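# coords please:
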Amino acid sequence: MFFRLNEMAIALALVVAQPISGMADPITIIDHEKRTVTLTKPAERIASIPIPMASTIIAMDGGTSKLVGMNPTAKSAIVEGVLGKIFPEAKDIPSDITAPNFIPNVEELAATNPELVIQWADRGPDLVDPIVNAGLTALLISYGTEEKTKQYQAMVATAMGKPERAEMINGWRDQVAADIAAKSKDISADEKPKVLYLGRALEGLTASGDKGNYNAFYINLVGATSASADVQGQGTTISPEQIAEWNPDVILLNSFEAKLGLERINDDPILSLTKAAQEKRVYKMPLGGYRWDPPNQESPLTWMWLANLMHPDIFQYDLRAEMKKAYKTLYDYDLTDEDIDGILWIGMQGDATDYAQFKAK
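The predicted structure follows:
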């Protein structure tokens, strides 16, 4: 089943764009701290301090020309993933505009001559004041839910004078989510796999509770339940013994740790005894234009991937075809079968349970 990315455009409640006539009328955006951000014209130079926003800017614009600075972790995702192949020039975009704690490196940031700087909302003045005091225009975004994702995608697309791009892409999100929800609504509680997403797994093991957890959002969406639902907080350290007690049906490994592989679970004396390991249902999250774990412009592909794995009797998305269609729309790129194999880690996990469905026919 193919999803058309030009349908079901959502109402962009937090974005108010004045019509651009002769490039003279201003663009006004209400950001996630309810600040009014005004641009005299569509932004041509945007710096992004939040990690996920760099690839979002690329997708909303269809290229890298407007991205002049980004977070170093965002750059590593681009370089390690397929975006580095699609847009090799991205490796030369400065990534020294921020410290690891998201506090701006104002001198380097100003050197990129940005017309707009994207920064986190709700995290205190230390992250925002240096930008504003340097005379730069800041747009503040919040993160972690599907609604916020659609809103900040709309904000940045509008800032670039392309609100229709966000309408199209967000419409695709709504359509895929609605289709999955309709198919999963009648799955009984005892048929829902118990899924554990490990936010970190190499030096320590972390998991998050359901509240404000995007991973839990799509685990529930596809007709499964989160094994760590009762954990207090986000990114909480857990023990192998705790995981053994949960005994999840499925374990999802994060895509943030480049050296993390299935052997982390399968070779562990405790974790290898879990139902997930015994039944070969340990999967590493794909790395595409961005990491598929958190919300991003490719999230509907994440949902389809996971839905097919959780309930292959209910969901039969042609994921490879959907990926090719999405990448053409998002990046104007013809995704190859080799590209898809790399994104989905076919070489590493092609023998995992139900993973053969993702191999090239």
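
# I figured P72 hits S95, correct?
Yes. With contact defined as CB atoms under 8 Å, P72 counts as touching S95 (4.2 Å). Using the backbone N, CA and C atoms, a C-beta is placed for each residue, glycine as well.

# surely Q316 touches L309?
No. Taking CB under 8 Å as the definition, Q316 is not a contact partner of L309, at 11.8 Å.

# show me which of the two is the more surrounded one.
Neighbours per residue, other CB atoms under 10 Å: of Q316 and L309, the larger number sits with L309, 24 against 13.

# I'd say that one and V282 touch.
No. The pair L309 / V282 is not scored as a contact, 11.0 Å apart, by CB under 8 Å.

# which neighbours do the two share?
The contact sets of L309 and V282 overlap at V250 (CB atoms under 8 Å, 6 or more residues apart in numbering).

# report all helices and strands that the helix or strand hosting T149 contacts.
Using DSSP states H and E, T149 maps to helix 146-159. The contact analysis (3 or more CB pairs under 8 Å, 6 or more residues apart in numbering; DSSP states H and E) places helix 146-159 against strand 15-16, strand 27-30, helix 53-61, strand 138-141, helix 163-184.

# now it: mean pLDDT?
Averaged across helix 146-159, the pLDDT comes to 97.

# pull the number of nearby residues for the residue lying closest to T40 once chain neighbours are set aside.
Nearest non-adjacent residue to T40, counting by CB to CB, 6 or more residues apart in numbering: P26, 5.5 Å away. Using other CB under 10 Å, the number of residues around P26 comes to 11.

# wait, P26 touches L39, no?
Yes. Counting by CB under 8 Å, P26 touches L39, with 6.4 Å between them.

# which residue ranges of the stretch 151-300 of the chain form strands?
Along the stretch 151-300 of the chain, the segments classed as strands by DSSP state E, counting those that start in this stretch run 194-198, 205-207, 225-226, 236-238, 250-253, 282-284.

# need these in JSON lines with mean pLDDT, mean neighbour count and distance to P52, can you?
As requested, those are exported to JSON lines (pLDDT from 0 to 100; neighbours: other CB atoms under 10 Å; distance: least, CB to CB, whole Å):
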{"stretch": "strand 194-198", "mean pLDDT": "98", "mean neighbour count": "25", "distance to P52": "17"}
{"stretch": "strand 205-207", "mean pLDDT": "97", "mean neighbour count": "22", "distance to P52": "19"}
{"stretch": "strand 225-226", "mean pLDDT": "98", "mean neighbour count": "20", "distance to P52": "21"}
{"stretch": "strand 236-238", "mean pLDDT": "96", "mean neighbour count": "15", "distance to P52": "21"}
{"stretch": "strand 250-253", "mean pLDDT": "98", "mean neighbour count": "24", "distance to P52": "18"}
{"stretch": "strand 282-284", "mean pLDDT": "98", "mean neighbour count": "25", "distance to P52": "19"}
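
# I'd guessed I93 sits against L67; true?
Yes. Using CB under 8 Å, I93 is in contact with L67, at 5.9 Å.

# which of these two has more neighbours?
Set side by side, I93 and L67 give different neighbour counts by other CB under 10 Å, the larger being at L67 (27 against 20).

# name the nearest residue to the more buried one, sequence neighbours excluded.
Nearest residue to L67, sequence neighbours excluded (CB to CB, 6+ apart): I57, at 5.0 Å.

# list the residues that contact that neighbour.
I46, S48, K66, L67, I118, V156, M160.

# hmm, 7 Å instead?
The contact partners of I57, by CB atoms under 7 Å, 6 or more residues apart in numbering, come to I46, S48, K66, L67, V156.

# out of these, name the ones that lie in helices.
Judged by DSSP state H, the contacts of I57 include V156 as members of helices.

# can you redo the contacts of I57 as CSV with distance to A178?
Putting the contacts of I57 into CSV (distance: CB to CB, whole Å) gives the following:
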residue, distance to A178
I46, 31
S48, 30
K66, 31
L67, 31
V156, 24
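
# show me which of the contacts of I57 is closest to L196.
S48 (30.8 Å; CB to CB).

# so that closest one sits against M70, correct?
Yes. At 5.0 Å, S48 counts as touching M70 under the criterion of CB atoms under 7 Å.

# mind listing the shared neighbours of the two?
With CB under 7 Å, 6+ apart, S48 and M70 have common neighbours A54.
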